[in-house]
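S.K.: Quick one: sequence plus predicted model below, questions after.
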Amino acid sequence: MYNNFSFLNIINGLSKTLNIANQMIPLYKQVKPLITNSNKILNNLQNLKNKQVEPAKTNSTPIVKQLNTPTFFQ
């Protein structure tokens with residue numbers, strides 16, 4: 001089997017590699033903050049899971065604001 005390492009084959013391989021790098025670099029820049037803050041995100045999720053939520057206390061009578069507008073239906 002004959003292997004031909006020509007200058008054109010090397011340039012073709014470098015071109016493909018650079019195209020892949022040009023696609024991956026913006027993706028890496030978008031995902032990097034998520035990866036660096038993943039520990040904080042997991043801690044926040046665990047805190048939300050462990051935190052007990054108390055039901056809000058409501059009054060039996062609703063608060064109604066008086067507006068200076070005419071009342072059509074009573």
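M.R.: Perfect, thanks for sending it.

S.K.: What is the burial count for N19?
M.R.: As a burial measure, N19 scores 10 neighbours (other C-beta atoms under 10 Å). Where you see a C-beta, it was placed from the backbone N, CA and C, and this is true even at glycine.

S.K.: Mind telling me what element it is part of?
M.R.: Per DSSP states H and E: N19 is located in helix 7-36.

S.K.: Show me where this protein dips below the pLDDT cut-off.
M.R.: 1-4, 52-74 (pLDDT under 70).

S.K.: hang on, the earlier thing: what's the angle between whatever helix or strand comes next after the helix holding N19 and helix 7-36?
M.R.: Downstream of helix 7-36, the next assigned helix or strand under DSSP H and E is helix 38-50. For helix 38-50 against helix 7-36, the angle by axes from the mean of the first three to the mean of the last three C-alpha atoms, to 10 degrees is 40 degrees.

S.K.: Could I have the CA atoms of helix 38-50 written out in PDB?
M.R.: Taking C-alpha atoms only, helix 38-50 is exported to PDB below (Å, rounded to 0.1, in the frame of the first residue of the first chain):
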ATOM      1  CA  SER A  38     -22.000  24.200  38.300                       C
ATOM      2  CA  ASN A  39     -20.900  23.800  41.900                       C
ATOM      3  CA  LYS A  40     -22.900  26.900  42.900                       C
ATOM      4  CA  ILE A  41     -25.900  25.800  40.900                       C
ATOM      5  CA  LEU A  42     -25.900  22.400  42.600                       C
ATOM      6  CA  ASN A  43     -25.600  23.900  46.000                       C
ATOM      7  CA  ASN A  44     -28.600  26.300  45.300                       C
ATOM      8  CA  LEU A  45     -30.700  23.300  44.100                       C
ATOM      9  CA  GLN A  46     -29.900  21.400  47.200                       C
ATOM     10  CA  ASN A  47     -30.700  24.400  49.400                       C
ATOM     11  CA  LEU A  48     -34.100  24.700  47.600                       C
ATOM     12  CA  LYS A  49     -34.700  21.000  48.100                       C
ATOM     13  CA  ASN A  50     -33.900  21.100  51.800                       C
END
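
S.K.: which strands and helices sit next to it?
M.R.: Judged by 3 or more C-beta pairs under 8 Å, 6 or more residues apart in numbering; DSSP states H and E, helix 38-50 is in contact with no other helix or strand.
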